[in-house]
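1. Fold the following for me, if possible:
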Amino acid sequence: MSLDAVLTRLDDQLPAAIERLQEVLRIPSISTDPAYKTHCEEAADWLVSDLQSIGIEAQKRKTPGHPMVVGHVDGPGPHLLFYGHYDVQPVDPLHLWNSDPFDPQVEETPQGRVIRARGASDDKGQLMTFVEACRAYKQVTGALPCKITFFFEGEEESGSPSLIPFMKENAEELSADLALICDTSMVSPGVPSIASQLRGMLKDEFTVHGPRIDLHSGHYGGPGLNPLREIARIIASFHDPETGRVAVEGFYEGVHEVPDELLRQWENCGFDEESYLNSVGYTQPHGEKGYSTLVQQWARPTLEINGLWGGYQGAGSKTVIPAEAHCKLTCRLVGDMDPDVLRTRIRAHVEERLSPDARVTWDTDLEGNKAAVMNIDRPEFEKARQALSGEWPNEAVFTGMGGSIPIAGYFKDILGLDSMLIGFAQDDDAIHSPNEKYNVESFHKGMRSWARVLDALGG
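-> Just a heads-up that it's a prediction; the model follows:
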């Protein structure tokens, strides 16, 4: 059977695959810092060359920012669009790294061998699992089982300013039957995961204004409206203290309950609630009552206060009533929640509760994006789930994700594509942090997993 030969090839070529990953990890492709612009170009060039070496027609495509890498290869099966990103986060604080973040090392740890470097998990290691699977499949069989378009971005870690214009300008070229994204993690060690839903995001920021200037609290304390007290009262009104539910009128419009079959998978996916909470110093969950920690994280919306400030911030005391108080908030969205409608409702909630002599102003340059809900009734999803189950010691599960991956929404809105999100990262990979790592097992079995998925989808 050709798949068995491909898997054997991946086993035999693991040392060479790790060397290739180390090569691209040595390139400091930090997208947010202009000082690293040439290194982002270098990373794009490296990927183009690597794709071309396995017979894929690949090009570096210019954008106003960092370049895209686009490659095409024909095949008999469905047309797949594979997305990854080659840019990485800054390495600060550098002194907390145990080794040079761009001198990748393979280290032995109590949990097994790991590849230590910036970008090892997010997202170069993940991206290369797919490339290596394609390399081995093509070397063994002479072709790939599916038609594939490769689409690698260089600005994911800096807001993707060039992404939407590029996708719109090249929509016909990027069109496919299904998008594949490898930028996610497994729900627990040994449990392969396909993300079936991603929470969306709404950001907002407001300032409560009181007196014209900061006031002496001896002269105006008592009769004067204090914006800090005002904003604290309003923020407290966002949630019901008994149930933890958001108390903004209409907040839950568009929220759906988790289907029973999906809930069964979540309940049996190996998630350890106690470890999840204890790892950050909690002893119990503090969210919406009536829902498990996992359901709260993946399938319930939130309203969180991310920043709150005003008045004197320096050393010692300054007895003032401040003229202003400020708040930053975000909402995680699920189901069919509309960020534009919700923004209007949150602002109305605040404005309706203002005291006389208080007024509010809002930031006008903040974005929002809807949740992404995948159509897991498509047969490709079950084929992929079974393929993953054949590689790992536990059955693969459809999961949710507490965070947001905007690219999945862009694929749906701009290209009309459903996305299948399969990743092999672990929660302790320290992405965006010092000493980022990617388990060698994640890399090795990730390659084998993609070979199985491609074979199943092309079968």
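2. in the stretch 201-350 of the chain, which spans are helices?
-> Taking DSSP state H, counting those that start in this stretch as the criterion, the stretch 201-350 of the chain contains helices spanning 217-220, 227-236, 260-267, 273-278, 293-299, 339-351.
3. Out of those helices, flag the one nearest residue 373.
-> Closest to residue 373 of the helices of the stretch 201-350 of the chain is helix 293-299 (C-beta to C-beta; 10.0 Å). Bear in mind the C-beta positions are built from the backbone N, C-alpha and C, glycine included.
4. and that closest one, what does it pack onto?
-> Helix 293-299 makes packing contacts with helix 260-267, helix 273-278, strand 397-401 when contacts are defined by 3 or more C-beta pairs under 8 Å, 6 or more residues apart in numbering; DSSP states H and E.
5. how about 7 Å then?
-> Secondary-structure packing of helix 293-299 (3 or more C-beta pairs under 7 Å, 6 or more residues apart in numbering; DSSP states H and E): strand 397-401.
6. any idea of the mean pLDDT in the helix or strand following the strand it packs on?
-> Of the helices and strands lying after strand 397-401 in sequence (DSSP states H and E), the nearest is helix 406-410. The average pLDDT within helix 406-410 is 89.
7. Mind giving me the packing neighbours of the next helix or strand along the chain from helix 406-410?
-> Under the assignment DSSP H and E, the closest C-terminal helix or strand after helix 406-410 is strand 419-422. For strand 419-422, the contact count by 3+ C-beta pairs under 7 Å, 6+ apart identifies strand 178-181, strand 193-198, helix 379-389 as packing neighbours.
8. Would you tell me what the next helix or strand after strand 419-422 is?
-> Scanning forward in sequence from strand 419-422 by DSSP H and E, the next helix or strand is strand 437-439.
9. and after that next one, which helix or strand comes next?
-> Elements were assigned by DSSP H and E; along the chain past strand 437-439, the next helix or strand is helix 440-458.
10. Quick check: closest non-adjacent residue to the residue nearest the centre of the chain.
-> Residue closest to the average C-alpha location in the chain (C-alpha atoms, centre = their mean): residue 405, at 4.2 Å. Of all residues not flanking residue 405 in the chain, residue 198 sits nearest, at 5.4 Å (C-beta to C-beta, 6 or more residues apart in numbering).
11. what's the neighbour count on the one you found?
-> With neighbours defined by other C-beta atoms under 10 Å, the count for residue 198 comes to 30.
12. go on, residue 415?
-> Once other C-beta under 10 Å is used to define contacts, residue 415 is seen to have 19 neighbours.
13. cool, and residue 386?
-> The number of residues packed near residue 386 is 14, by other C-beta under 10 Å.
14. out of everything not next to it in sequence, what's closest to it?
-> Excluding the flanking residues, the one nearest residue 386 by C-beta to C-beta, 6+ apart is residue 456, at 6.8 Å.
15. Look up the pLDDT of the one you found for me, please.
-> Note for residue 456: predicted pLDDT of 98.
16. Could you check how far it is from residue 299?
-> Separation of residue 456 from residue 299 (C-beta to C-beta, to the nearest Å): 27 Å.
17. Ok, residue 152 next?
-> 31 Å.
18. which of those two has more neighbours?
-> Each of residue 152 and residue 299 has its neighbours counted (other C-beta under 10 Å); residue 152 has more, 27 against 24.
19. Residue 113: helix or strand, and which one exactly?
-> Using DSSP H and E, the secondary-structure element containing residue 113 is strand 112-116.
20. Now do that strand, average pLDDT.
-> What strand 112-116 shows for mean pLDDT is 97.
21. In this structure residue 205 contacts residue 325, no?
-> No: shown here, residue 205 and residue 325 do not form a contact pair, counting by C-beta atoms under 7 Å, at 11.9 Å.
22. Identify the residue spatially nearest to residue 378, adjacent ones excluded.
-> Counting by C-beta to C-beta, 6+ apart, residue 378 lies nearest to residue 418, which is 6.4 Å off, once chain neighbours are set aside.
23. Could you count how many residues lie near the one you found?
-> Applying other C-beta under 10 Å, we find 19 residues neighbouring residue 418.
24. Now for it: which residues touch it?
-> For residue 418, the residues meeting the contact criterion (C-beta atoms under 7 Å, 6 or more residues apart in numbering) are 178, 179, 374, 375, 378, 412.
25. same thing but 8 Å
-> In this structure, residue 418 makes contact with 178, 179, 374, 375, 378, 411, 412, judged by C-beta atoms under 8 Å, 6 or more residues apart in numbering.
26. Same check on residue 180?
-> 80, 81, 82, 83, 130, 419, 420, 422.
27. Closest to residue 269 out of these?
-> Using C-beta to C-beta as the measure, the one of the contacts of residue 180 that approaches residue 269 most closely is residue 422, at 14.8 Å.
28. From residue 181, how far out is residue 151?
-> Remark: distance between residue 151 and residue 181 (C-beta to C-beta) = 10 Å.
29. Now for those two: what residues contact both?
-> The contact lists of residue 151 and residue 181 share 82, 83, 84, where a contact means C-beta under 8 Å, 6+ apart.
30. Out of those, who's the most crowded?
-> These, ranked by neighbours (other C-beta under 10 Å): first place residue 83, 27 neighbours.
31. Name whatever forms a beta bridge with that one.
-> Here residue 83 sits in beta bridges with residue 151, residue 181, as judged by DSSP bridges.
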